[in-house]
Each structure stands twice: as C-alpha cells, then as structure tokens.
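Peer 1: just a sequence and a predicted model for now, questions to come.
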Amino acid sequence: MQIQTTRFGTIEVNESDLVNFSEGLLGFVELRKFILLDDPNDEIFAWLQSCERPAIAFPILEPELFAENFNPTITKGDLQAINLTGKDGMRLFTIVTIPEDATQMTANLKAPVAINIEKRLAKQVVVQENEYQIKYPIFSELQKRVVQNPQADLKSKAIKMGVAVRLPSVLKGAHLDA
C-alpha cells in the first residue's frame, strides 16, 4: 500500500508493517495507524509516521541511547492493551522534540511508546515513576555516546528486530529536516 507523507513523499509499505494504536497518541487520539521509518540520513533517529495524516511524523529514539537505566514500570493494563503479559516482546521508544537550537532537544520519558513487536500493537503509556521527565534533555548524552564510540550502529536494535521500515534508497541522498 502507498502512504503519502509530507516529509518523505509517497512511500510503499506492506500492511503488515503498520503499527496500530488502539487509543491513538496523547493529543492525537484520532490517529491510529502509524509506520516506523528508518531515516537513512540519520544515524540515530527513526520516525513514527502517521498513515492517516501526511504532515504528522514524530522523531523517535530508543531510550537506551541516552538513558541507560531507563526501566519504567509498565502496568498490567498497558501490557494487555498491546496484547502482552510481560515486557518480553516489547520495545520502548521515546518521542523527541527538536527545537531550532538542536542542543535543546528533549525526549519524553514520562510517556514512552510501547510496541508489541510481533503483533505490531502499540500504546503511548504514561509511567508513574516521578524520576522520568516529559522534557528530558538528551543532546549532551547523545553527543557523549557518539564521541565515545563513533563507529557504533546506534539504532541497530529496532532495525534488526524488524520494527522500523527502511525508506527507499532514492531518499538516501535527500536532506531531511527535523
């Protein structure tokens, strides 16, 4: 099937690649179908692209990239919403806000996106732990991670697990603004 996007143009995806949010995302409850896209021009970010509204795409990151000890409690109800009984088979992603000054970028650790990898069911969960912030500063941690190991494939987990769809190679030379 073809998905029209304002950021990436028209992309071809399989129906099986869709990630379904039965409750939508916070602030976007009417949007239920998304696709995770690997950005070929960026070593870190992937995109959570709406299939229903071309202009809606959120940059996302695996929290392990900047918050090594991120291990929030996911409630039984949240796990049931994505058809799981435990954390096995689940991946967490954080939605990132990238302002004009990229050094001020933040990640929402308070409401990560939980995805059942096998069934491609997802929910944005609100965790109860007070130590997790809505606007967690990440630039210095990401920079430190890249400087410490510049050869590391930073987003390999999501891609290797088949969660994110690779964008067509025609986009590899295009510049994609955050």
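Peer 2: Structure's in. What do you need? Numbers count the residues shown, from 1 in each chain.
Peer 1: neighbours of R145, how many?
Peer 2: The local packing of R145 (other Cβ atoms under 10 Å) involves 18 other residues. For the C-beta atoms, the positions are set from N, CA and C on the backbone; glycine is no exception.
Peer 1: secondary structure element for it?
Peer 2: For R145, the host element (DSSP states H and E) is helix 139-148.
Peer 1: buried set for that helix?
Peer 2: 142, 145 (16 or more other Cβ atoms under 10 Å).
Peer 1: just stretch 123-139 next, same as before
Peer 2: Applying 16+ other Cβ under 10 Å to stretch 123-139 flags 123-125, 127, 132, 136, 138 as buried.
Peer 1: measure stretch 111-128 end to end?
Peer 2: Its start and end residues considered, stretch 111-128 measures 9 Å (Cα to Cα, to the nearest Å).
Peer 1: what sits up against that stretch?
Peer 2: 16-23, 25-26, 34, 36, 48, 60, 63, 72-75, 78-79, 81-84, 89-95, 109-110, 134, 161-163 (Cβ atoms under 8 Å, 6 or more residues apart in numbering).
Peer 1: change it to 7 Å
Peer 2: By Cβ atoms under 7 Å, 6 or more residues apart in numbering, the residues outside stretch 111-128 that reach it are 18-21, 23, 25-26, 48, 60, 63, 72-74, 78, 81-84, 89-95, 110, 161, 163.
Peer 1: which of those fall within strands?
Peer 2: Within those, residues falling in strands by DSSP state E are 19-21, 48, 60, 90-95.
Peer 1: can you list these in a markdown table and add neighbour count, pLDDT and distance to T103?
Peer 2: Output for those, formatted as a markdown table (neighbours: other Cβ atoms under 10 Å; pLDDT from 0 to 100; distance: Cβ to Cβ, whole Å):
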| residue | neighbour count | pLDDT | distance to T103 |
| --- | --- | --- | --- |
| V19 | 23 | 96 | 30 |
| N20 | 16 | 97 | 35 |
| F21 | 22 | 97 | 31 |
| L48 | 23 | 96 | 23 |
| I60 | 24 | 95 | 19 |
| M90 | 18 | 95 | 31 |
| R91 | 19 | 94 | 27 |
| L92 | 20 | 95 | 24 |
| F93 | 23 | 96 | 22 |
| T94 | 25 | 97 | 18 |
| I95 | 19 | 97 | 18 |
